[in-house]
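Asker: missing the sequence, but the structure's below:
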């Protein structure tokens, strides 16, 4: 008669004689990515083998202001800050029957005299949350004398086993009516900052997820809009 050896670290024989997997011993089995800003619902009953989830939550980055300059003058604006990031490992027993997932959008681009918008927060229920980045403000007015402005503060940490705020947006400066530099965007844990400008145009958009946009620069009668921050993401790793 043939014999079968079973590794009892991973399998067990139930009272009914069936060979089954031991819950929680199979490791990572599936990863869910929520990349589009909006709201979703996670139902643990859809995964009857689920033992725990590892949640990674990245909030949206801040947008940046636009700029408008008079003839022979210059305007350069600070960048928006990056969104916060949080992680948490959650046992299935701590999950509700459903958990709401929110993916924060990037902050809006400001028009030539309007601040950039704040990035949206991202979350997995109330168990893991991250705060959106702050928008860069239209603080510099048209002129030709030297001036500099502070950068944009990043958001505070949210909720999780470990959490961090987003990186600050860079400050801007003007040397005279023709030379200056806008502020770079803020970094995020899952994204890279938008690049700053020394010529007329919107600052660079953030790359990846949750990074802030750089500020706009305008000179000699130019008028430009700002740029948008990068949207966030929620990643849910399912362990069986």
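Answerer: Cool, got the structure. Note that the coordinates shown come from a computational prediction; the quantities given were computed from them, not determined experimentally.

Asker: Give the next helix or strand downstream of the lowest-mean-pLDDT helix or strand in the chain.
Answerer: One helix or strand of the chain scores below all others by mean pLDDT, DSSP states H and E: strand 19-21, with a mean of 60. Downstream of strand 19-21, the next assigned helix or strand under DSSP states H and E is strand 28-34.

Asker: Does anything pack onto that next one? Which helices or strands?
Answerer: Other elements packing on strand 28-34 under the criterion 3 or more Cβ pairs under 8 Å, 6 or more residues apart in numbering; DSSP states H and E are strand 233-239. Just so you know, the C-beta spots here come from the backbone N, C-alpha and C atoms, and that holds for glycine as well.

Asker: Mind giving me the packing neighbours of the strand it packs on?
Answerer: On a contact count with 3+ Cβ pairs under 8 Å, 6+ apart, strand 233-239 meets strand 28-34, strand 52-58, strand 98-103, strand 122-124.

Asker: Buried residues in it, which are they?
Answerer: Residues of strand 233-239 classed as buried: 233, 234, 235, 236, 238, 239 (neighbour count, 16 or more other Cβ atoms under 10 Å).

Asker: close enough to count as contact, the fifth one and residue 33?
Answerer: I take that to be residue 238. No. Counting by Cβ atoms under 8 Å, residue 238 stays clear of residue 33, with 11.9 Å between them.

Asker: Leaving out sequence neighbours, find the closest residue to residue 95.
Answerer: Using Cβ to Cβ, 6 or more residues apart in numbering and skipping residues adjacent in sequence, the residue nearest residue 95 is residue 44, 5.0 Å away.

Asker: any idea of the pLDDT on that neighbour?
Answerer: Note on residue 44: pLDDT of 97.

Asker: same question, residue 162
Answerer: Per the predicted model, pLDDT is 96 at residue 162.

Asker: What backbone torsions are found at residue 93?
Answerer: Backbone geometry at residue 93, expressed as degrees, to the nearest 10, gives phi -70, psi -20.

Asker: Same check on residue 44?
Answerer: The phi/psi pair for residue 44 (degrees, to the nearest 10) is phi -70, psi -20.

Asker: check contacts around the spatially most central residue of the chain.
Answerer: Central residue of the chain (Cα atoms, centre = their mean): residue 210, 2.4 Å from the mean position. Counting by Cβ atoms under 8 Å, 6 or more residues apart in numbering, residue 210 touches 58-61, 82-85, 104, 119, 133, 166, 188-191, 229-233.

Asker: pretty sure it belongs to a strand, no?
Answerer: No. According to DSSP: H, G, I helix; E, B strand; the rest coil, residue 210 belongs to no strand; its state is coil.
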